[in-house]
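**Student:** With the sequence up front, the predicted model follows.
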2 protein chains.
Amino acid sequence: MTDRRRFLFGAGVLAAGSAACAVWPSQNDGSATPRLAAPEQPPSSPHGDLAEVEPMGDVAQRGPVAGKPNFVVILADDLGWGQLGAYGQTKINTPRLDQLANEGLRFTDAYAPAPVCAPSRASMLTGLHAGHNPVRRNPPKEGELPLPAGTRTIGDVLQSVGYKTGMFGKWGFGRNAGDEGSHPNARGFGEFFGYMTHHAAKSYYPRFLWDNRNKVNLPGNFDDYGALYGPDLIMDRALGFVEENKDDPFLLLLTLPLPHAPSVISDLGAYGNKPWNPANKTHAAQVTRLDSYVGLLVDTLKRNGLDENTIVIFTGDNGAHEENGVEPAFFNAGGPFKGLKRNLYEGGIRTPFIVWSPKLLAKTVRKRTTHPTAHYDLMATMADYAGAKAPTNDGYSLRKVFNGSAGAPTHEYLYWLRLHAGSTKTHRALEHGRGRQCSAAVRFGQWKLIGWAPGREYSAPNGKWVYELYDLNKDPGEKKNLVKSHPAIVNRGVRYIRQSWRAP
Amino acid sequence: MTDRRRFLFGAGVLAAGSAACAVWPSQNDGSATPRLAAPEQPPSSPHGDLAEVEPMGDVAQRGPVAGKPNFVVILADDLGWGQLGAYGQTKINTPRLDQLANEGLRFTDAYAPAPVCAPSRASMLTGLHAGHNPVRRNPPKEGELPLPAGTRTIGDVLQSVGYKTGMFGKWGFGRNAGDEGSHPNARGFGEFFGYMTHHAAKSYYPRFLWDNRNKVNLPGNFDDYGALYGPDLIMDRALGFVEENKDDPFLLLLTLPLPHAPSVISDLGAYGNKPWNPANKTHAAQVTRLDSYVGLLVDTLKRNGLDENTIVIFTGDNGAHEENGVEPAFFNAGGPFKGLKRNLYEGGIRTPFIVWSPKLLAKTVRKRTTHPTAHYDLMATMADYAGAKAPTNDGYSLRKVFNGSAGAPTHEYLYWLRLHAGSTKTHRALEHGRGRQCSAAVRFGQWKLIGWAPGREYSAPNGKWVYELYDLNKDPGEKKNLVKSHPAIVNRGVRYIRQSWRAP
């Protein structure tokens, strides 16, 4: 282990590591709100929040892992923190995910890197937080933003050490065209099947999907209506990828559009007879369908003996949506947290994060952790496990957290950015009309600082920004703004916010 | 009109034509059992039960049909007469089919041509009854029986007058291979997507399907389990066929495997929480799924304005099954009729038959008819509408019945055959142990005669056969065997049974 790595282990102030592991309470026991305990002043770090993660040698030499573990990352789309039974949900059935949580490790303090889809996913793919990654906002109407040439993703990193990589679902970078330069096949994923763009992924009965660079026409589909539910097609290819690559290490990234708007499902299932508004029924069925797909995938892993050496991570890309008639309040979709998709309040960014690998990670079975993480930690984590060299990124490996070992590196702070990305009623109301302005937030220890630029430009001078400060330990619902009573904390947070933006 | 045709109009003895039309009673009013009134002795017919149907000239000259009507034929698989709401079902939801029935014409006395799949379908395709058509039994385990070279189907007949023809679902004739000689593409269907064989169609999550002669692999499907529900894929292609051919006359033959065993569905829907045995829940969900698919297809017709000139026919290939734990008695699947798939009692052969074309067939909207028909009438019917010349066949056109006109030709008798085709408990018990023997039946007027050969050979001398005779008017449930008290009727039926078998 290098000195550099040793340093990283101690960096940051957020509560972390095995000390934060505890047996997860049974569902709805009221203890879902985590409590943080961390000093207000961190040790200073000459490296700031950037760290180059270096390989730790052959993973096979260092533990119970016979070879490089496979990774399955399942990213839900607009799923609130509180929308799984394992995270306190009472109206929506998610038996398979609850089972994974009971057999795995639940994070209470995991975050999407941004409150909307494109920058969140770009961050997860690149390991760069939302102030550094190349895609900082959802695509404008006139087109979709690419991952520029030279961008290296988690797919590239794992490919470099022999992984087979497959990406199934919504990609979201570049044009809806087979010859797009920013195509998954050119960004680290050897196999791709799904939607190229965010816009296209709103069609649950897509008129076509992409099989790598080839268009697959679906003649009996008419966007909101048809015979072939897009997620079914995507799942079929994802399961096939598992079967085909069971003898190699692989990364499977599954980004189904569920439960993103519109509320379209092929079958309402158990919700058909509920006395709910139709959008809520469909939304619930979408979440349950996602749960069923996860079950299908896990069953496929087991049937192929891959549960021995696969780490499954389930999480979401941002908070719950309130689009097309869906009422997140009806589901208490944010759990104890305020805010929705597009807000930088906790409800817009905090997300379920379940790590399942009961044989590889036996020590954290049925545990939970308050270790704070954002998806830009995934690249460092995977590189760590796989013995790969990752490009410079903003993440820290979660391996010790997954393993239940002491000394996991922690972030000095976590950072979020929100540029203009549409608007919905509750999201606007919560921000007192600032919902379309540029906004940024940081969390350090129990503190959460959210700032709003006067308009859409991050470059506005600090004096023009407005801030809110919350103590997440005492006030996880972000109700009491402490900005006036804690100027030193605010100043520290402002410094983080100012230093984290790098002009794209 | 030729003399020959005029003769045919008067042939036969079964109650028929518009006189048999009546407003259909509301669901479950107890009047679902039809009553027949017909003389016991028919006029003799020099042509027996064979008739060559000749074209009646350009259909466009003769009525409200602007051009040749499209035909959509939907054939359910092992659906009992009583399994739709429109036919008295109370446990299974079939709202879309019930709506079609309310907007169309319901047949009470429609029959599948055989009590099992392969001969029933062969008969429907060729217009030949089960004693004449080339496939008289379900395939033996070692292979599937082809439709031999030279066989002409309803697809061929309509292709000959310019129809586009598509067959989507279970084919069931010949090997499971793209180069099969008896492939749908070589038997009158320009487009095919689905299962080639009966055996293959038992996989609701097929590992592959056929797109014409090309194999489409479905890597995430594992027969009973997977991501892509075969019927969804088939529906997508069927809907695409409608869209692609909306400017031409077309025949769409949809033969989804639903609700055939095994009881596999992608979502239990409203049945998930029912306190029923799991196979029954799944079976009900299969029927409701079939109903939803029909709705999807009808919606697609409407969206393309094709409800103006399309005749939709929904029916089934034989009676209800009791396989894989499904309990037809629980659903009263046969309605008032005794028997299941494989029996020649009414429950094994009588089937729902709904004709929907509210604009073309305005006179029979919300009507029912007791006109007896078997699927071998479809070729003659389609040829009649399309102005096509059909090969020699056993059917009569149903056009006048569909139209609500007087004088529809009727059969002297209907004929069924059952050769060995597997066995289930109730089917065996009802036949007092004769369930594996060769059996044949005829219906003429209210009389139904069923005979059993001593073994599996039709050629056994008549003296070795055993018979049962029922009066369907007085005893639709076939409880009182009248064979001893009505020797003249029996003799007439025996004559029909003996004359209807032609050595294959």
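**Tutor:** Looks like it came in fine.

**Student:** how much space is there between the residue in the stretch 401-504 of chain A positioned nearest to chain B and A:F330?
**Tutor:** Closest residue of the stretch 401-504 of chain A to chain B, Cβ to the nearest Cβ: A:F402 (27.1 Å). The way it works is simple: take the backbone N, C-alpha and C, and place the C-beta from them, glycine included. Separation of A:F402 from A:F330 (Cβ to Cβ, to the nearest Å) stands at 34 Å.

**Student:** The two: who's more crowded?
**Tutor:** Set side by side, A:F402 and A:F330 show more neighbours around A:F402, with 25 against 15, by other Cβ atoms under 10 Å in any protein chain shown.

**Student:** Only the buried residues of the longest helix seen in chain A, if you could.
**Tutor:** Using DSSP state H, we find that the single longest helix of chain A is helix A:278-303. By 16 or more other Cβ atoms under 10 Å in any protein chain shown, the buried positions in helix A:278-303 come out as A:279-298, A:300-301.

**Student:** touching chain B at all, it?
**Tutor:** Yes. Shown here: helix A:278-303 in contact with chain B (Cβ under 8 Å from any Cβ of the partner chain) through A:289, A:293, A:296, A:299-300, A:303.

**Student:** Helices of chain A, residue ranges please.
**Tutor:** With helices called from DSSP H, chain A shows them at A:3-10, A:95-103, A:117-126, A:154-159, A:230-244, A:278-303, A:328-331, A:346-349, A:378-386, A:399-403, A:425-430, A:487-500.

**Student:** Quick one: closest of those to B:G226.
**Tutor:** helix A:230-244 (6.6 Å; Cβ to Cβ).

**Student:** helices or strands up against that closest one?
**Tutor:** strand A:164-170, strand A:191-195, strand A:208-211, strand A:250-255, helix A:278-303 (3 or more Cβ pairs under 8 Å, 6 or more residues apart in numbering or on different chains; DSSP states H and E).

**Student:** Tell me the pLDDT of the spatially closest residue to A:N277 that is not a sequence neighbour.
**Tutor:** Residue nearest to A:N277 in three dimensions, not counting chain neighbours: A:G325, with 6.4 Å by Cβ to Cβ, 6 or more residues apart in numbering or on different chains. Predicted confidence (pLDDT) for A:G325: 95.

**Student:** Likewise for the one 4 residues further on?
**Tutor:** In this model, A:A329 is scored at 97, pLDDT.

**Student:** residues touching it, list them.
**Tutor:** A:T426 (Cβ atoms under 8 Å, 6 or more residues apart in numbering or on different chains).

**Student:** please redo it, this time with the cut-off set to 10 Å
**Tutor:** With contact taken as Cβ atoms under 10 Å, 6 or more residues apart in numbering or on different chains, A:A329 is in contact with A:320, A:322, A:340, A:426.

**Student:** What is the nearest of those to A:S266?
**Tutor:** Closest to A:S266, out of all of those and judged by Cβ to Cβ, is A:A320, at 21.9 Å.

**Student:** quick one: the nearest residue to that closest one once chain neighbours are set aside from A:G319, how far?
**Tutor:** Leaving aside its chain neighbours, A:A320 sits nearest to A:G80 (3.0 Å; criterion: Cβ to Cβ, 6+ apart). Using Cβ to Cβ, A:G80 is found at 5 Å from A:G319.

**Student:** cool, A:A112 as well?
**Tutor:** 8 Å.

**Student:** Same list, the helices and strands packed on helix A:230-244, but as CSV with mean pLDDT please.
**Tutor:** Below are the helices and strands packed on helix A:230-244 laid out as CSV (pLDDT from 0 to 100):
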stretch, mean pLDDT
strand A:164-170, 98
strand A:191-195, 98
strand A:208-211, 98
strand A:250-255, 98
helix A:278-303, 97
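
**Student:** Ok, which of the ones you listed comes nearest B:G181?
**Tutor:** Of all the helices and strands packed on helix A:230-244, strand A:208-211 comes closest under Cβ to Cβ, at 31.3 Å.

**Student:** Count the neighbours of A:D384 for me.
**Tutor:** Neighbour count for A:D384, taken as other Cβ under 10 Å: 23.

**Student:** can you pull the contacts of the closest residue to A:P454 other than its chain neighbours?
**Tutor:** Setting aside the residues directly before and after it, A:P454 is nearest to A:K464 in space (Cβ to Cβ, 6+ apart), at 4.5 Å. Shown in contact with A:K464 (Cβ under 10 Å, 6+ apart): A:452-455, A:457.

**Student:** Kindly write the ChimeraX command that selects the buried subset of the residues you listed.
**Tutor:** For the buried members of the contacts of A:K464, the matching ChimeraX selection, counting by 16+ other Cβ under 10 Å, is:
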select /A:452,453
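
**Student:** Would you mind checking which helix or strand in chain A has the lowest mean pLDDT?
**Tutor:** helix A:3-10 (a mean of 28; mean pLDDT, DSSP states H and E).

**Student:** ok, A:G463 to B:K389 distance?
**Tutor:** A:G463 sits 90 Å away from B:K389, going by Cβ to Cβ.

**Student:** what about the two, which has more around it?
**Tutor:** Just comparing A:G463 and B:K389: by other Cβ under 10 Å the higher neighbour count belongs to B:K389, 13 against 6.

**Student:** how much space between A:I154 and A:G127?
**Tutor:** 7 Å.

**Student:** Mind listing the shared neighbours of those two?
**Tutor:** With Cβ under 10 Å, 6+ apart as the test, A:I154 and A:G127 both reach A:375, A:378-383, A:390, A:393, A:395.

**Student:** Export these as a markdown table, with columns for distance to chain B and neighbour count.
**Tutor:** As requested, the shared contacts of A:I154 and A:G127 are arranged in a markdown table below (distance: Cβ to the nearest Cβ, whole Å; neighbours: other Cβ atoms under 10 Å in any protein chain shown):
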| residue | distance to chain B | neighbour count |
| --- | --- | --- |
| A:H375 | 25 | 28 |
| A:L378 | 24 | 26 |
| A:M379 | 27 | 30 |
| A:A380 | 30 | 26 |
| A:T381 | 27 | 26 |
| A:M382 | 24 | 30 |
| A:A383 | 28 | 27 |
| A:A390 | 30 | 27 |
| A:N393 | 32 | 26 |
| A:G395 | 31 | 32 |
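
**Student:** related to what we said a few turns ago, who wins for most neighbours among the contacts of A:A329?
**Tutor:** Most surrounded of the contacts of A:A329: other Cβ under 10 Å gives A:A320, at 32 neighbours.

**Student:** Isn't it up against A:V326?
**Tutor:** Yes. Taking contacts as Cβ atoms under 10 Å, A:A320 lies within contact range of A:V326: 8.1 Å.

**Student:** residues shared between the contacts of those two?
**Tutor:** A:78, A:259, A:283, A:333.

**Student:** Output stretch A:198-207 as PDB, nothing but the C-alphas.
**Tutor:** Extracted in PDB, the C-alpha atoms of stretch A:198-207 (Å, rounded to 0.1, in the frame of the first residue of the first chain):
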ATOM      1  CA  HIS A 198     -33.100  10.500 -22.500                       C
ATOM      2  CA  HIS A 199     -35.900  11.700 -24.800                       C
ATOM      3  CA  ALA A 200     -36.200   8.300 -26.400                       C
ATOM      4  CA  ALA A 201     -36.300   6.500 -23.100                       C
ATOM      5  CA  LYS A 202     -39.700   8.200 -22.300                       C
ATOM      6  CA  SER A 203     -41.200   5.700 -24.700                       C
ATOM      7  CA  TYR A 204     -42.000   2.500 -22.800                       C
ATOM      8  CA  TYR A 205     -43.200   1.000 -26.000                       C
ATOM      9  CA  PRO A 206     -40.400   2.200 -28.100                       C
ATOM     10  CA  ARG A 207     -40.700   2.200 -31.900                       C
END
